[in-house]
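Peer 1: Dropping the sequence and predicted coords here.
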Amino acid sequence: MATPDQKSPNVLLQNLCCRILGKSEADAAQQFQYAVRVIGSNFAPTVERDEFLVAEKIKKELVRQRREADAALFSELHRKLHSQGVLKNKWSILYLLLSLSEDPRKQPNKVSSYATLFAQALPRDAHSTPYYYARPQSLPLNYQDRNTQSAQSSGSMGSSGISSISMYALNGPTPTPQSLLPGQSYQTTGVGDCFRQQLGSRLAWTLTANQPLQTTTSKGLPNTVSRNMTRLRRDADTSGAIEITEAALVRDILYVFQGIDGKYIKMSNSENCYKVEGKANLTRSLRDTTIRLAELGWLHNKIRKYTDQRSLDRAFGLVGQSFCAALHQELKEYYRLLSVLHSQLQLEDDQGVNLGLESSLTLRRLLVWTYDPKIRLKTLAALVDHCQGRKGGELASAVHAYTKTGDPYMRSLVQHILSLVSHPVLNFLYRWIYDGELEDTYHEFFVASDPTVKTDRLWHDKYTLRKSMIPSFITMDQSRKVLLIGKSINFLHQVCHDQTPTAKMIAVTKSTESPKDAADLFTDLENAFQGKIDAAYFETSKYLLDVLNKKYSLLEHMQAMRRYLLLGQGDFIRHLMDLLKPELVRPATTLYQHNLTGILETAVRATNAQFDSPEILKRLDVRLLEVSPGDTGWDVFSLDYHVDGPIATVFTRECMSHYLRVFNFLWRAKRMEYILTDIRKGHMCNAKLLRNMPEFSGVLHQCHILASEMVHFIHQMQYYITFEVLECSWDELWNKVQQAQDLDHIIAAHEVFLDTIISRCLLDSDSRVLLNQLRAVFDQIIELQNAQDAIYRAALEELQRRLQFEEKKKQNEIEGQWGITATEEEEEEKRIREFEESIPKMCSQLRILTHFYQGIVQQFLVLLTTSSDESLRFLSFRLDFNEHYKAREPRLRISLGTRGRRSSHM
């Protein structure tokens with residue numbers, strides 16, 4: 001019976017090695033140690049783990065040896081073994097039997113067999129990026145100079161990640177992979193399957209090219225090695241130069257690839273590059289090849305330094321950390337390649353492989369195998385340079401800029417990195433548009449929040465766009481919609497106190513935060529990503545406008561502004577003026593707001609305003625402006641409309657101040673119309689009374705002429721203000737509000753409406769001179785009212801005295817007395833002469849008033865004709881339709897003529 005020690009795995013393995021090699025334990029010690037190392041490693045064979053495939057190979061091999069009976073027996077035994085289920089690893093046993101059966105039929109090549117064993121036992125690699133196949137013709141071997149630090153390569157070729165190996169060695173295409181042990185015939189796989197093989201097998205194909213070995217010298221060394229060694233000895237410097245073999249350079253280069261200084265290749269801080277020691281006796285070709293290879297170490301150091309610094313920086317943010325993670329992932333693939341190369345070098349050292357054999361590592365082979373990794377590292381280094389000092393969306397934009405390249409492999413690498421970098425941005429975005437939440441600790445998202453802003457200014461000031469953080473793959477229109485979606489959700493919750501869940505508000509499915517979202521973002525912007533943004537935008541904005549219109553009556557309040565503050569309710573305004581006239585003619589300091597409020601309520605009850613909603617009427621109020629010395633009630637009276645809650649977002653304080661300015665202007669213009677109406681009433685009423693005073697007819701005629709000019713002016717101004725300004729602007733506003741897709745459209749349309757009426761009513765800073773002239777015209781109308789009131793008062797008093805004198809005269813005659821005495825007649829004649837002497841003064845006063853008025857109007861017309869606003873120029877035509885003022889003002893004739901010529905050329 002065997003002892004327990006004889007059944008241990010080590011003893012069994014040693015016995016197996018001795019039996020296969022036919023040697024003693026001492027002679028097979030080296031192979032035994034290698035077998036222990038292979039079995040104890042994590043290596044896995046790259047062949048397909050298919051039990052039936054191996055069984056078929058065994059049967060075909062038996063048939064090829066003309067052993068059909070053995071093949072049938074094997075098939076029957078395999079069937080029975082498969083049905084019993086005693087063994088677990090049937091595939092491994094069959095594979096081992098197949099390999100052992102093939103070994104004695106071929107003289108093993110020591111180096112080739114161990115290289116094959118090494119190659120077949122490489123670990124499976126997991127690529128971070130897809131592998132692309134490049135045809136042999138597309139593989140250029142012209143390498144760029146070491147000092148060239150461009151991120152773009154001079155040629156493009158297939159890549160399977162940083163750990164990829166070139167598919168073709170310097171001597172041409174690599175052969176079909178061999179089996180675990182030499183001598184087995186292996187079926188050639190298809191082209192598509194071939195390029196999907198794992199990293200280890202691809203490297204093995206290059207290392208174990210099935211080509212005849214180079215002829216060796218009598219000492220067993222290859223001719224190429226012998227020639228190189230001879231050349232090194234011949235070129236050696238007699239001054240103590242160091243002779244370095246290519247194998248030593250290969251070992252140093254592998255350290256340099258990791259950013260570690262080698263024995264002969266070190267980093268030069270002054271020149272910022274790796275250099276070979278000056279004492280090294282190397283040929284120019286070897287030195288140049290070494291410098292080209294050392295560039296990978298320089299690129300690796302650049303990338304590694306960036307990731308080490310930024311990975312510890314919390315302020316770099318989630319986007320920056322994702323970028324560092326993507327760089328780490330690419331460096332991990334690069335380290336896999338280095339581990340393969342180090343393993344090969346270690347294997348060659350253990351087995352004593354001579355430099356120059358096909359399976360050995362050389363500088364020229366390293367150039368080919370590191371071609372793709374060098375291109376990728378250059379791209380990563382260029383990204384690192386371009387992303388310095390950037391974070392958040394700005395960093396994502398910098399990465400996205402490198403996707404605009406014609407090289408599909410480089411574009412694939414950058415897009416993969418971009419998908420990782422943009423993942424935090426997508427998380428921010430979806431959280432914002434679906435929940436209205438903004439968790440941006442490091443200020444990386446393009447939506448910024450100001451926590452100090454109060455609720456009443458939430459829509460206008462709390463949320464803004466950080467334009468520098470908008471990724472370049474998101475358009476400005478998309479970013480504006482994203483801002484509006486989240487802002488609308490917060491506005492509904494905080495200002496409208498609407499706690500409706502977002503899921504009911506937005507009838508779309510919340511997107512899962514997966515890499516597919518990033519793919520949608522970069523490959524299908526017009527459909528997938530754009531569709532999500534548009535759906536959330538339209539649903540949220542529609543819901544918000546419905547709440548404002550139905551719950552808070554936004555449109556009704558807008559119409560109330562038009563009716564009351566812009567004097568659109570004509571019967572109400574006229575009746576209010578009639579009721580307020582006795583109060584407003586008094587000094588402004590004697591007015592009381594509660595009295596005016598009572599009059600306002602009376603006017604509301606007496607007109608059609610009473611049929612408005614109580615919600616609107618309770619907001620209507622009286623406001624008294626700041627009083628200046630000499631002001632009357634007309635100068636300080638104003639209507640006010642109280643706004644609060646969500647509607648205050650549209651009717652802001654600035655908007656209400658604009659409404660107040662426009663109301664004061666319209667109220668003053670309406671008062672001028674009201675005054676001229678009273679003047680015309682005075683003319684009609686007093687014309688018959690003063691018919692018996694023929695000497696007064698000239699004064700009445702002058703008053704009538706001047707009043708008619710003023711009436712024409714005011715009527716044309718009222719027409720311009722009411723129809724060309726207010727009605728046209730209101731119609732545009734109402735159409736825009738009806739078509740508005742979000743609250744910002746309504747706010748913008750309303751602001752345009754106010755700006756338009758402010759500008760065209762001459763209330764802006766550019767029209768200050770015109771407004772001063774118009775106010776001067778209004779002042780002349782008030783002067784005419786005062787002058788006419790004084791003239792009529794004097795004329796009526798004179799008429800009254802004359803009637804009293806005639807009445808007294810008749811009364812005396814009835815009583816039988818003299819009608820008048822000489823003294824009374826003399827006094828009457830004296831009084832009449834004094835009145836007749838005052839008439840020229842009245843006429844003179846009216847002429848002066850007419851002269852001032854016409855001069856002001858002429859100056860106003862000159863300003864109108866030079867205005868840039870076409871409607872104001874048309875207004876000057878209507879004001880001077882019969883060229884009455886043109887005949888009196890030379891400047892007006894020049895301006896009108898010039899304008900006419902300009903119009904004729906257009």
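Peer 2: Looks like it came in fine.
Peer 1: so what's the residue nearest to Glu583 when sequence neighbours are not counted up against?
Peer 2: In this structure, Glu583 finds its nearest non-sequential neighbour in Gly633, 5.7 Å apart by CB to CB, 6 or more residues apart in numbering. (Each C-beta comes from the backbone N, C-alpha and C, glycine too.) The contact partners of Gly633, by CB atoms under 8 Å, 6 or more residues apart in numbering, come to 580, 583-588, 591.
Peer 1: tell me the pLDDT at the nearest residue to Glu724 once chain neighbours are set aside?
Peer 2: Of all residues beyond its chain neighbours, the one nearest Glu724 is Ser871 (5.5 Å), with distances taken as CB to CB, 6+ apart. In this model, Ser871 is scored at 88, pLDDT.
Peer 1: didn't Ser871 look like it was pressed against Cys761?
Peer 2: No: when contacts are counted by CB atoms under 8 Å, Ser871 is not listed as touching Cys761 (11.2 Å).
Peer 1: Neighbour count: the two, which is higher?
Peer 2: A side-by-side neighbour count of Ser871 and Cys761, using other CB atoms under 10 Å, places Cys761 first with 21 against 13.
Peer 1: Roughly how far does the more buried one sit from Thr823?
Peer 2: Computed as CB to CB, to the nearest Å, the Cys761 to Thr823 distance reads 63 Å.
Peer 1: Please apply the same query to Val38.
Peer 2: As defined by CB to CB, Val38 lies at a distance of 156 Å from Thr823.
Peer 1: re earlier: where do the contact lists of Ser871 and Cys761 overlap?
Peer 2: Shared contacts of Ser871 and Cys761 (CB under 8 Å, 6+ apart): Val725.
Peer 1: between Val38 and Thr823, which one's more packed in?
Peer 2: More neighbours surround Val38 than the other of Val38 and Thr823, with 13 against 8 (other CB under 10 Å).
Peer 1: mind checking the SS state of that one?
Peer 2: On the three-state scheme (DSSP: H, G, I helix; E, B strand; the rest coil), Val38 is labelled helix.
Peer 1: can you pull the pLDDT of it?
Peer 2: Confidence at Val38, expressed as pLDDT, is 76.
Peer 1: Now for Tyr264: which residues touch it?
Peer 2: Residues counted as contacts of Tyr264 (CB under 8 Å, 6+ apart) are 242, 244, 248-249, 252, 276-277, 280.
Peer 1: Buried ones among those?
Peer 2: Applying 16 or more other CB atoms under 10 Å to the contacts of Tyr264, the neighbour count classes 244, 248-249, 252, 276, 280 as buried.
Peer 1: So which of the residues you listed are in helices?
Peer 2: For these, the ones inside helices are 248-249, 252, with DSSP state H as the criterion.
Peer 1: give me the number of residues near the closest residue to Val627 other than its chain neighbours?
Peer 2: Leaving aside its sequence neighbours, Val627 sits nearest to Ala588 (CB to CB, 6+ apart; 4.6 Å). As a burial measure, Ala588 scores 20 neighbours (other CB under 10 Å).
Peer 1: which ones are touching Glu797?
Peer 2: Neighbours of Glu797 in contact, by CB under 8 Å, 6+ apart: none.
Peer 1: Could you report the pLDDT at it?
Peer 2: Per-residue confidence for Glu797 comes out at a pLDDT of 85.
Peer 1: can you tell me how far it sits from Phe874?
Peer 2: In this structure, Glu797 lies at 46 Å from Phe874, with CB to CB as the measure.
Peer 1: With pLDDT and distance to Tyr719 added, can I get the ones in helices among the buried ones among the contacts of Tyr264 in a markdown table?
Peer 2: Compiled in a markdown table, those are given as follows (pLDDT from 0 to 100; distance: CB to CB, whole Å):
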| residue | pLDDT | distance to Tyr719 |
| --- | --- | --- |
| Ala248 | 86 | 101 |
| Leu249 | 88 | 97 |
| Asp252 | 90 | 95 |
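Peer 1: Flag the shaky bits of the stretch 551-700 of the chain, pLDDT-wise.
Peer 2: Along the stretch 551-700 of the chain, the model assigns pLDDT under 70 to no residue.
Peer 1: at 80 instead, please
Peer 2: When the per-residue scores of the stretch 551-700 of the chain are filtered using pLDDT under 80, the ranges that remain are 687-689, 691-694.
Peer 1: Now do the strands in the chain.
Peer 2: Defined through DSSP state E, the strands belonging to the chain, from first to last, are 168-169, 172-173, 242-243, 265-268, 273-276, 280-281, 447-449, 463-465, 620-624, 637-641.
Peer 1: Out of those, which gets nearest to Leu726?
Peer 2: Between Leu726 and the strands of the chain, the tightest spacing by CB to CB is seen for strand 637-641, at 15.7 Å.
Peer 1: In the sheet, which strands lie alongside that closest one, parallel or antiparallel?
Peer 2: Each strand that pairs with strand 637-641, with its direction, by DSSP bridges: strand 620-624 (antiparallel).
Peer 1: what's the offset of the strand it pairs with from the middle of its chain?
Peer 2: Strand 620-624 sits 45 Å away from the centroid of its parent chain (CA atoms, centre = their mean, to the nearest Å).
Peer 1: so where's the stretch 751-900 of the chain shaky on pLDDT?
Peer 2: Scanning the stretch 751-900 of the chain for pLDDT under 80 picks out 805-806, 808-809, 812-822, 824-825, 828, 889-900.
Peer 1: Helices along that one, start to end?
Peer 2: Assigned by DSSP state H, counting those that start in this stretch, the helices in the stretch 751-900 of the chain fall at 768-814, 822-865, 870-879, 890-905.
Peer 1: if we can go back for a sec, just send the contacts of Tyr264 back as TSV, with distance to Gln33 too.
Peer 2: Listed next are the contacts of Tyr264 as TSV, based on distance: CB to CB, whole Å:
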residue	distance to Gln33
Ile242	34
Ile244	31
Ala248	26
Leu249	29
Asp252	28
Val276	36
Glu277	36
Ala280	35
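Peer 1: which of the ones in helices among the buried ones among the contacts of Tyr264 lies closest to His342?
Peer 2: Within those, distances to His342 taken as CB to CB reach their minimum at Asp252, with 12.7 Å.
Peer 1: shouldn't the closest one be in contact with Lys263?
Peer 2: Yes: using CB under 8 Å, Asp252 is in contact with Lys263, at 5.8 Å.
Peer 1: quick revisit: can you list the strands of the chain in JSON lines and add distance to Leu312?
Peer 2: Output for these, formatted as JSON lines (distance: least, CB to CB, whole Å):
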{"stretch": "strand 168-169", "distance to Leu312": "42"}
{"stretch": "strand 172-173", "distance to Leu312": "46"}
{"stretch": "strand 242-243", "distance to Leu312": "41"}
{"stretch": "strand 265-268", "distance to Leu312": "23"}
{"stretch": "strand 273-276", "distance to Leu312": "27"}
{"stretch": "strand 280-281", "distance to Leu312": "38"}
{"stretch": "strand 447-449", "distance to Leu312": "26"}
{"stretch": "strand 463-465", "distance to Leu312": "31"}
{"stretch": "strand 620-624", "distance to Leu312": "62"}
{"stretch": "strand 637-641", "distance to Leu312": "59"}
